[in-house]
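> Sharing a model that was predicted from the sequence below.
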Amino acid sequence: MGIFDFILNRDSPNRQPHPLIVHNNQYFKEISRERSLLDCEFTVIDTELTGLNPKKDEVIAIGGVRVRDLRICCGETFYALVKPQGRFFSESTVVHRITPHELEEAQPLEEVLPRFLEFCGDSFLVGHYVRLDIDFINMACKRLLGGRLRTPYLDTMRLAMAYNELKHGHYYDHYNLGSSYNLTALTKEYDLPAFDEHNAMQDSVQAAYLFLYLVRNMRGHGLRTMDDFLKAGRKWKIIL
């Protein structure tokens, strides 16, 4: 059964998880997290949304770029606008600048999502405050494809917090110091190449540059494996 055959039958009460979901769940159940980051492949992702509530808001753009051998693969990118189910009128338009007119000819999420999952393949995921993106993607996966992704992911916001602790010691308190961990502020702080904000493709590239900067510097503090970086980011709470 092909991708679009599955989509046409997605409302069947007896539907099985999409083959992409089945493969994802099995692959990441068995994969070792002790592998060196140099041996890992990543997809750095970003979404644009109609709002921040996964239960009522929708994805209207998805972007992604591949990182392999700790290098950005400029020729391996994904970008798609997504036609929302509901009437699109949102205050978020002033943030991402995507207009209803642009979305009129876009494909619906049930067509975009399988292509995006195929692009991600067996790579680990990365993003800035990526839990929000993952929540929206998994809500869509559950609704349209019969299951959720089990892909481990690294959050560049959390990694930036962990990096500051490595630099300054355990006494470092980023809340009291008023540090900003948004993507634009970190880009300026680390003197990274800057791209337009709030565009899913350009934000994913921006996050990729930040990811590589953090990884290369954190490796100097003894972090080597995927598990090392997962643990480093996991300890930090994000308060927005």
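Cool, the structure landed. Everything quoted here is computed from the prediction, not taken from an experiment.
> Just grab the bridge partners of the residue lying closest to Leu103 once chain neighbours are set aside for me.
Of all residues beyond its chain neighbours, the one nearest Leu103 is Lys83 (5.2 Å), with distances taken as C-beta to C-beta, 6 or more residues apart in numbering. In short, each C-beta sits where N, CA and C put it, glycine included. Lys83 forms beta bridges with Pro108, as assigned by DSSP bridges.
> Over to Val126?
Beta-bridge partners of Val126, as defined by DSSP bridges: Val44, Leu154.
> Might one say that it is in contact with Ala207?
Yes: using C-beta atoms under 8 Å, Val126 is in contact with Ala207, at 6.7 Å.
> Overlap in contacts, those two.
Common contact partners of Val126 and Ala207 (C-beta atoms under 8 Å, 6 or more residues apart in numbering): Val44, Thr156.
> how many neighbours does Lys167 have?
11 (other C-beta atoms under 10 Å).
> just the CA coordinates of the helix or strand containing it, formatted as PDB?
Using DSSP states H and E, Lys167 sits in helix 156-168. The C-alpha trace of helix 156-168 is given here as PDB (Å, rounded to 0.1, in the frame of the first residue of the first chain):
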ATOM      1  CA  THR A 156      19.700  23.700  21.000                       C
ATOM      2  CA  MET A 157      18.100  25.900  23.600                       C
ATOM      3  CA  ARG A 158      18.800  23.300  26.300                       C
ATOM      4  CA  LEU A 159      22.200  22.600  24.900                       C
ATOM      5  CA  ALA A 160      23.100  26.400  25.100                       C
ATOM      6  CA  MET A 161      22.100  26.300  28.800                       C
ATOM      7  CA  ALA A 162      24.300  23.200  29.400                       C
ATOM      8  CA  TYR A 163      27.100  24.900  27.500                       C
ATOM      9  CA  ASN A 164      27.000  27.900  29.800                       C
ATOM     10  CA  GLU A 165      27.100  25.600  32.800                       C
ATOM     11  CA  LEU A 166      30.200  23.900  31.400                       C
ATOM     12  CA  LYS A 167      31.900  27.200  30.800                       C
ATOM     13  CA  HIS A 168      31.000  28.900  34.100                       C
END
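> Residue ranges in the protein under the pLDDT threshold?
Within the chain, the stretches with pLDDT under 70 are 1-14, 87-97, 170-179, 236-240.
> Please, where are all the helices along it?
3-8, 19-30, 93-96, 100-103, 109-120, 130-145, 156-168, 183-189, 200-219, 226-234 (DSSP state H).
> Could you dump the ones you listed into TSV with distance to Thr43 added?
Listed next are these as TSV, based on distance: least, C-beta to C-beta, whole Å:
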stretch	distance to Thr43
helix 3-8	19
helix 19-30	12
helix 93-96	20
helix 100-103	24
helix 109-120	5
helix 130-145	11
helix 156-168	13
helix 183-189	17
helix 200-219	8
helix 226-234	14
